[in-house]
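> Quick one: sequence and predicted model below, then my questions.
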Amino acid sequence: MALAAETVAIIGAGPSGMAAANQLSLYGIEPVVFEPGEPGGLLLEAGSVVNYPGVPGGISGEDLVKLFPCPQRLVRERVTSLSREPGGEYIIEHTCGTVSAQAVLVASGTLPVKPDIPGVPPERVHHGVRSTRKAEFASAAVIGGGDAALDYALNLSKRAEVRVYARSGFKGASPHLLKQAGASGRIALFPEHGDFSSFSEDIVVVACGREPNLAFLSRELVCSPPGNGSYHLCGDCTSGIYRQASIAVAAGVRAAMAVRSFLEGNTGN
């Protein structure tokens, strides 16, 4: 059976994927973009983004996402496998089918680290703040000592009393977030708190780090990624601790430019 053939496929519609899709569209290339959730990625969880160029004073993650052009060819499916054929084309399997592509940009983001929290029912545990919107709660525990944990706490403090529990203190958190949390009057910080066995709060929001969402990649792509410009990892899935919207956008634009060069080279052969 012949597969639907694409020129460029993008996996993920977070800031990096959307920026890449927009840049490619400026070149007259409309990529197919696979995204099972809502476009915006982890940026949708951010209560306030204060370091994005052009938005002095800060902006919520959701409002910032609205400023991004939405990909024209958005497929609301999850990619389950990505591999490369000997001839060079990429095979993308998703939840409703399979397509091939000449070039692929992987901007699949990250997945939350999920520590064991004994004694807390799963329905009380969240790994972001968006999922808490329909929940009823008067108190919330946030687990984590970084910027995400404090941003979640500030967001949740609009609705409830919040306690933030960190195993190793708050050394990795930005001073401006610590200052805001200390001044809120509704947030209590508990550094050096390693006991996750008992929480009396109504809900528990976990912010204990994230890991790249790359399990769908073939072994070949992990071990020997092609260097001809047809394949790129960009955004949070490859940024390590440097997960910032501006960095993700820049990576997506750069990858799109490199893919264009690859395609022009192919055209000329």
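Yep, it's here.

> May I see the buried residues of the strand of greatest length in the chain?
What stands out as the longest strand in the chain, according to DSSP state E, is strand 97-106. The neighbour-count check on strand 97-106 (16 or more other C-beta atoms under 10 Å) flags 99-106 as buried. In this view, the C-beta of every residue, glycine as well, is placed from N, C-alpha and C.

> OK, contacts around residue 33?
Taking C-beta atoms under 8 Å, 6 or more residues apart in numbering, we find residue 33 in contact with 9-13, 17-18, 21, 71, 73-75.

> Just the buried ones among those residues, please.
Among the contacts of residue 33, those classed as buried by 16+ other C-beta under 10 Å are 9-13, 17-18, 21, 71, 74-75.

> just to confirm, which helix or strand has residue 77 in it?
In this assignment (DSSP states H and E), residue 77 forms part of neither any helix nor any strand.

> Mind listing the residues bridging to the residue lying closest to it once chain neighbours are set aside?
Excluding the flanking residues, the one nearest residue 77 by C-beta to C-beta, 6 or more residues apart in numbering is residue 94, at 4.2 Å. Beta-bridge partners for residue 94, by DSSP bridges, are residue 79, residue 97.

> who's in contact with residue 94?
Taking C-beta under 8 Å, 6+ apart, one finds 34, 75, 77-80 in contact with residue 94.

> and the longest helix for this protein?
helix 245-268 (DSSP state H).

> Now do that helix, average pLDDT.
For helix 245-268, mean pLDDT rounds to 91.

> which helices and strands sit right next to it?
Applying 3 or more C-beta pairs under 8 Å, 6 or more residues apart in numbering; DSSP states H and E, one finds that helix 245-268 makes contact with strand 4-11, helix 15-26, strand 97-106, strand 231-233.
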